[in-house]
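Q: the sequence and its predicted three-dimensional model are supplied below.
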Amino acid sequence: MLRYDQVARLIRHPDLRQGSVSWPAHHGITAGLFADWWAGWVLNKEGEDHQRLRRLLNPAFSRRLVDAMAPRFAALATELADGFTESGRCEFMAEFAEPYAARVIAIMLGTSEQDWRPVAADAAAVGLALGVRIRENLPRIEAALARLYGYADALIAERRASPRDDFVTSLVQAQAAGDRLTAAELRDSLVLLIFGGFDTTRNQLGLAMQAFIDHPAQWRLLARRPDLGPAAVEEVMRLSPTTTWVTREATRDFTFDGLDIRAGTTIHLLCESAGTDPRAVPDGRLDITAAGRPPHFAFGGGAPRGPT
Ligand code: HEM
């Protein structure tokens with residue numbers, strides 16, 4: 001689906017479920033470390049199990065927690081930018097996007113910010129699972145995944161030994177309480193948070209930079225008006241989303257705008273074409289001051305809407 005209106009009507013359609021669940025099987029991967037981990041994602045569970053995991057993971061994304069961490073994120077951005085301000089140039093992905101995304105996850109999970117390189121490399125390797133060459137990359141993906149499990153296990157052991165007032169400790173305690181989270185779900189979810197937060201954020205930062213390179217006047221405007229930062233985030237995610245598509249799968253036969261869709265059909269909702277659909281956004285150029293932009297789909301149906 002390409003058009004804004006149809007994507008908007010399908011993203012939470014009652015006859016569709018999350019479609020990513022079938023992604024490994026579409027590539028002939030039905031068993032093994034990767035397939036098991038994927039099936040355990042909150043994203044790929046429905047109903048009660050989804051709601052329960054979602055309730056447990058939600059605190060990691062609460063406004064209160066994120067606001068409290070914002071000064072640390074800003075200090076990190078300043079530290080990284082200080083590294084290349086003098087030379088006046090940088091390789092943005094290596095010198096900013098990658099360390100920033102990895103260290104933000106480390107801050108969120110309360111792990112060592114200095115050890116980000118191997119974790120980031122493994123998260124990036126697992127990211128190959130989202131590409132169409134997933135099958136040929138599977139050995140590399142599973143080796144990296146095994147290391148991320150080792151990392152999650154060490155983190156769990158650490159919090160069991162010395163609990164903190166943080167999100168990971170509350171997950172570990174929910175598991176210890178026995179009724180809300182299994183040991184496997186705890187490990188799977190921590191690996192999902194490490195992976196899900198890294199690749200997406202790193203690549204979205206790179207895409208944002210590319211969008212501003214194409215629109216230098218908007219970049220200069222943002223420098224003068226940092227209060228436009230939140231709108232700038234929404235605007236680059238509309239125009240240049242890291243999420244190519246959001247996936248859904250039909251749970252029963254139904255007809256949509258005259259198209260017969262059979263149960264089991266996978267539907268891809270393409271974020272960039274929807275976000276730049278002239279019927280929804282007539283003047284769709286990057287404009288961080290534009291008012292009344294419709295919400296973009298780069299977070300699928302899974303995140304609170306931004307300010308526009
Ligand atoms: C630019 C950054 C990000 C983008 C573009 C992004 C995009 C997405 C998308 C498209 C989905 C699927 C939603 C759907 O199918 O309706 C999703 C789900 C999810 N993402 Fe992200 N994400 C980002 C950052 C993060 C971060 C930082 C974390 C964790 C630290 C994270 C954790 C998750 C989780 C746990 C889910 C599953 C939610 C559920 O099933 O209810 N994501 N994300």
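A: Nice, I can see it.

Q: and the ligand, is stretch 252-266 touching that?
A: No: Stretch 252-266 stays clear of the ligand (Cβ under 6 Å from any ligand atom), getting no nearer than 12.5 Å. From N, CA and C alone the C-beta is placed, and that goes for glycine too.

Q: can you point out the buried residues in that stretch?
A: Phe254, Phe256, Ile261 (16 or more other Cβ atoms under 10 Å).

Q: and that stretch, average pLDDT?
A: The average pLDDT within stretch 252-266 is 97.

Q: got a list of contacts for that stretch?
A: For stretch 252-266, contacts defined as Cβ atoms under 8 Å, 6 or more residues apart in numbering pick out 6, 9-10, 13, 15, 19, 22, 26, 247-251, 267.

Q: equivalent analysis for stretch 175-193, please.
A: 37, 40-43, 52-53, 56-57, 60, 105, 108-109, 145, 148-149, 151-153, 155-156, 160, 168, 171-172, 174.

Q: sorry, back to before: tell me which of the buried residues of stretch 252-266 is nearest to Leu130?
A: Among the buried residues of stretch 252-266, Ile261 lies closest to Leu130 (Cβ to Cβ), at 23.9 Å.

Q: for the closest one, give its distance to Pro295.
A: 24 Å (Cβ to Cβ, to the nearest Å).

Q: how about Ser240?
A: Ser240 is 16 Å from Pro295, by Cβ to Cβ.

Q: of the two, which one has the most company?
A: With neighbours defined as other Cβ atoms under 10 Å, Ser240 and Pro295 compare such that Ser240 has more, 22 against 15.

Q: got the contact list for that one?
A: Neighbours of Ser240 in contact, by Cβ under 8 Å, 6+ apart: Leu207, Ala208, Gln210, Ala211, Glu272.

Q: try it again at 6 Å.
A: Contact analysis of Ser240 by Cβ atoms under 6 Å, 6 or more residues apart in numbering lists Leu207, Ala211.

Q: quick one: low-confidence ranges for the stretch 101-250 of the chain?
A: Along the stretch 101-250 of the chain, the model assigns pLDDT under 70 to residues 179.

Q: show me what from it comes close to the ligand.
A: Residues of the stretch 101-250 of the chain lying near the ligand (Cβ under 6 Å from any ligand atom): Leu192, Leu193, Gly196, Gly197, Thr200, Thr201, Gln204, Thr242, Thr243, Val246.

Q: the fourth one: neighbouring residues, count only.
A: Gly197 has 20 neighbouring residues, counting by other Cβ under 10 Å.

Q: three-state assignment of the closest residue to the ligand within the chain?
A: Residue nearest to the ligand within the chain: Gly300 (2.4 Å; Cβ to the nearest ligand atom). Secondary structure assignment for Gly300 (DSSP: H, G, I helix; E, B strand; the rest coil): coil.

Q: gap between it and Pro139?
A: Relative to Pro139, and taking Cβ to Cβ, Gly300 is found at 29 Å.

Q: likewise for Thr265?
A: Counting by Cβ to Cβ, the gap from Thr265 to Pro139 is 31 Å.

Q: got a markdown table for the residues of the stretch 101-250 of the chain next to the ligand, with secondary structure and distance to Ala81 too?
A: Shown next, in a markdown table, are those (DSSP: H, G, I helix; E, B strand; the rest coil; distance: Cβ to Cβ, whole Å):
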| residue | secondary structure | distance to Ala81 |
| --- | --- | --- |
| Leu192 | helix | 30 |
| Leu193 | helix | 26 |
| Gly196 | helix | 26 |
| Gly197 | helix | 21 |
| Thr200 | helix | 21 |
| Thr201 | helix | 17 |
| Gln204 | helix | 18 |
| Thr242 | coil | 21 |
| Thr243 | coil | 26 |
| Val246 | strand | 32 |
